[in-house]
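Asker: sequence plus the predicted model coming up.
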Amino acid sequence: MSDPISNPSKVPSIGDSASLDKTVREEDVIGFAAISLDDNRVHLDEAYAQTTRFKGRIAHGMLSASVISAVLGTRLPGPGTVYLSQSLAFKGAVRIGDTITATVTVKAVRPDKPIVTLDTTVTNQRGEVVLSGEAVVFFP
């Protein structure tokens, strides 16, 4: 696969893939809570989170999903990409300090329009899938 960043006008092909890594930090969780207005105590209050099935704080699921958006908009298909839809299945918790990898892989390209369907996954540093889904995007 050619590098979509250095060749942003390339039409994606089935099998093309791109990834982006992010280490989730305390300030990411706090900032995401402020931006999203999601101040659920499982994300922000360690004492409360200890009483949940997670036995400690977890990052927002949508924070992990937002890294998929970053891959789509910066790597594949690249700048100018706009979401049409995204399905998400949350498979595991992400904790502060985890390094997650969002990967998108082209599974279909519409021949009549600049629309691509991609498999989307997020894994943690142990290779465990924490989120999976499918995106449909418009690309310029």
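Answerer: Sure thing, it's come through.

Asker: got a list of what the residue nearest the centre of the chain touches?
Answerer: The chain has residue 68 as the residue nearest its centroid, 2.6 Å off, counting by Cα atoms, centre = their mean. Going by Cβ atoms under 8 Å, 6 or more residues apart in numbering, residue 68 touches 86, 102, 104, 120, 122, 131, 133, 135. Using the backbone N, CA and C atoms, a C-beta is placed for each residue, glycine as well.

Asker: try 6 Å
Answerer: By Cβ atoms under 6 Å, 6 or more residues apart in numbering, the contact set of residue 68 is 102, 120.

Asker: tell me which element it falls in.
Answerer: helix 61-74 (DSSP states H and E).

Asker: repeat for residue 117
Answerer: Per DSSP H and E: strand 115-123 holds residue 117.

Asker: avg pLDDT for that strand?
Answerer: Average pLDDT, strand 115-123: 98.

Asker: can you check stretch 73-88 too?
Answerer: Over the span of stretch 73-88, the pLDDT mean works out to 96.

Asker: ok, and what's touching it?
Answerer: Under the criterion Cβ under 6 Å, 6+ apart, residues 4, 8, 12, 18, 65, 72, 104, 116, 133-140 lie in contact with stretch 73-88.

Asker: of those residues, select the buried ones using a PyMOL command.
Answerer: Here is the PyMOL selection string for the buried members of the contacts of stretch 73-88, based on 16 or more other Cβ atoms under 10 Å:
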select buried, resi 4+8+12+18+65+72+104+116+133+134+135+137+139
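
Asker: can you pull the buried residues of stretch 45-62?
Answerer: Neighbour-count burial for stretch 45-62 [16+ other Cβ under 10 Å]: 49, 57, 58, 59, 60, 61.

Asker: typo on my end, it should be stretch 119-135
Answerer: By neighbour count on 16+ other Cβ under 10 Å, the buried set for stretch 119-135 is 120, 121, 122, 123, 124, 130, 131, 133, 134, 135.

Asker: one step back: next, the angle strand 115-123 makes with the helix holding residue 68.
Answerer: Relative orientation of helix 61-74 and strand 115-123, computed by axes from the mean of the first three to the mean of the last three Cα atoms, to 10 degrees: 130 degrees.

Asker: where do the helices sit along the protein?
Answerer: Per DSSP state H, the chain carries helices over the ranges 26-36, 41-44, 46-50, 61-74.

Asker: many thanks, I have nothing further to ask.
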